[in-house]
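Enquirer: model the structure of this input:
(chains A, B, C and D)
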2 protein chains.
Amino acid sequence: MTIKEVCAKYDITADTLRYYERVGVIPQVTRTAGGIRDYTDEDIAWVENAICFRDAGMPVEMLIEYVKLFQEGDKTINARTNLLKEARETILEARKKYDIALEKLDYKIGRYELAQKTGVLTWFDDEDGKDKKTKKNKKTKTTKKDKK
Amino acid sequence: MTIKEVCAKYDITADTLRYYERVGVIPQVTRTAGGIRDYTDEDIAWVENAICFRDAGMPVEMLIEYVKLFQEGDKTINARTNLLKEARETILEARKKYDIALEKLDYKIGRYELAQKTGVLTWFDDEDGKDKKTKKNKKTKTTKKDKK
DNA sequence: CCTTGACTTGGAGTCAACTCCAAGTTGTAG
DNA sequence: CTACAACTTGGAGTTGACTCCAAGTCAAGG
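Expert: Now for the predicted structure:
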């Protein structure tokens, strides 16, 4: 498979693929007699993994470390296991952050959709759901009470 | 609240806080008569939000856009709603990538833990779970059969 | 009032991860 | 055999998000 085909398959630039190979995020790719990259299924599996873990925020540095260990053979199985478990924790933590942001976001979007109907944005004043001002409405409660 | 206290509260550097303010990721922070930052609850709420969304991978650029719209008042409620919904999609997509990586990772870790016992790493050869070589063991299956 | 340490600003520097470029091959169509 | 597009390498440049620095201001203790 040519570099161009791999680019198309994973929607990634040739420069990035060459960069990954150069710095060791993936091992050296198989070449034709003329020296042109000709990705085997195995090469492609490495590319796919690299993209997958980069997409999950793993630093290039860690992928390089993994490839390095892999190339040192079976004696690095423990080291690689540790690396993978560490990666797992990192990703789990990051994902938790995403969940928190999503929760905040969903709350906000709810408020905004309401605001689109009323034309005015309001927030609950309990510390944690709270966001911004539009504080002029803070006293609305008191006003209401006065009303009675 | 002083900048130092906000730093401690959110485990972030003063430089980052000042940077966020400078580029508009958060609005201008309240100052003392002498010009020193004195974060109100409201300022802190902005900081908290900024950190939360940055942690979820939202680009600084988008947070700036949101603050800008916010400061333009209620006439930008629609624009802000769209921005938030777009952010939501972005985060959901990113999180999906994290889930995919986690799945791959868990499979790999399982293999590695097995390998730690046997001393040798093996992979299933069905295309999608497949990862690397250590292909020499490909024939192990056959060997086992021979054994019986 | 003076020192000392935390704060201020504007601007320059750093780092990760690409991304682009120049100068030189390779390989295919005519 | 000749074009010419697509590939190669090594190295320089860019981008986003900080991070550091210099020179000056503020505030609390002695």
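Enquirer: going by C-alpha atoms from here, please, whenever you check contacts or count neighbours.
Expert: Will do.
Enquirer: is the helix or strand hosting A:L83 up against DNA strand D anywhere?
Expert: A:L83 is located in helix A:77-118, with elements delineated by DSSP states H and E. No - using Cα under 7 Å from any atom of the strand, helix A:77-118 never reaches DNA strand D; the gap is at least 14.3 Å.
Enquirer: what does stretch A:55-73 give?
Expert: No - Stretch A:55-73 is not in contact with DNA strand D by Cα under 7 Å from any atom of the strand; minimum separation 12.7 Å.
Enquirer: may I have that stretch as CSV, with CA atoms only?
Expert: Taking Å, rounded to 0.1, in the frame of the first residue of the first chain, the C-alpha atoms of stretch A:55-73 are listed here in CSV:
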residue,chain,number,x,y,z
ASP,A,55,-6.5,10.6,19.2
ALA,A,56,-6.9,9.6,22.8
GLY,A,57,-4.4,12.2,23.8
MET,A,58,-1.4,9.9,24.4
PRO,A,59,1.8,11.9,23.8
VAL,A,60,4.0,11.0,20.9
GLU,A,61,6.7,10.5,23.5
MET,A,62,4.9,7.5,25.0
LEU,A,63,4.2,5.8,21.7
ILE,A,64,7.9,6.1,20.9
GLU,A,65,8.8,4.5,24.2
TYR,A,66,6.4,1.6,23.5
VAL,A,67,7.9,1.0,20.0
LYS,A,68,11.4,1.1,21.4
LEU,A,69,10.5,-1.5,24.1
PHE,A,70,8.7,-3.6,21.5
GLN,A,71,11.8,-3.7,19.4
GLU,A,72,13.9,-4.9,22.3
GLY,A,73,11.9,-8.1,22.4
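Enquirer: now find how far off-centre it is within its chain.
Expert: 17 Å (Cα atoms, centre = their mean, to the nearest Å).
Enquirer: buried stuff in that stretch?
Expert: A:55-58, A:60, A:62-70 (16 or more other Cα atoms under 10 Å in any protein chain shown).
Enquirer: got the contact list for that stretch?
Expert: A:23-27, A:50, A:54, A:76-77, A:79-80, A:83, A:87, A:91, B:94, B:97-98, B:101 (Cα atoms under 8 Å, 6 or more residues apart in numbering or on different chains).
Enquirer: same deal with stretch A:105-114?
Expert: A:121-123, A:129, B:77, B:80-81, B:84-85, B:88.
Enquirer: can you list the buried residues in that stretch?
Expert: Neighbour count says stretch A:105-114 has A:105, A:108-109, A:111-113 buried, by 16+ other Cα under 10 Å.
Enquirer: pLDDT on it, on average?
Expert: Average pLDDT, stretch A:105-114: 95.
Enquirer: for that stretch, the distance to its chain's centre please.
Expert: With Cα atoms, centre = their mean, you get 24 Å for stretch A:105-114.
Enquirer: repeat for stretch A:50-69
Expert: 12 Å.
Enquirer: just stretch A:16-26 next, same as before
Expert: That offset, for stretch A:16-26, works out to 19 Å (Cα atoms, centre = their mean).
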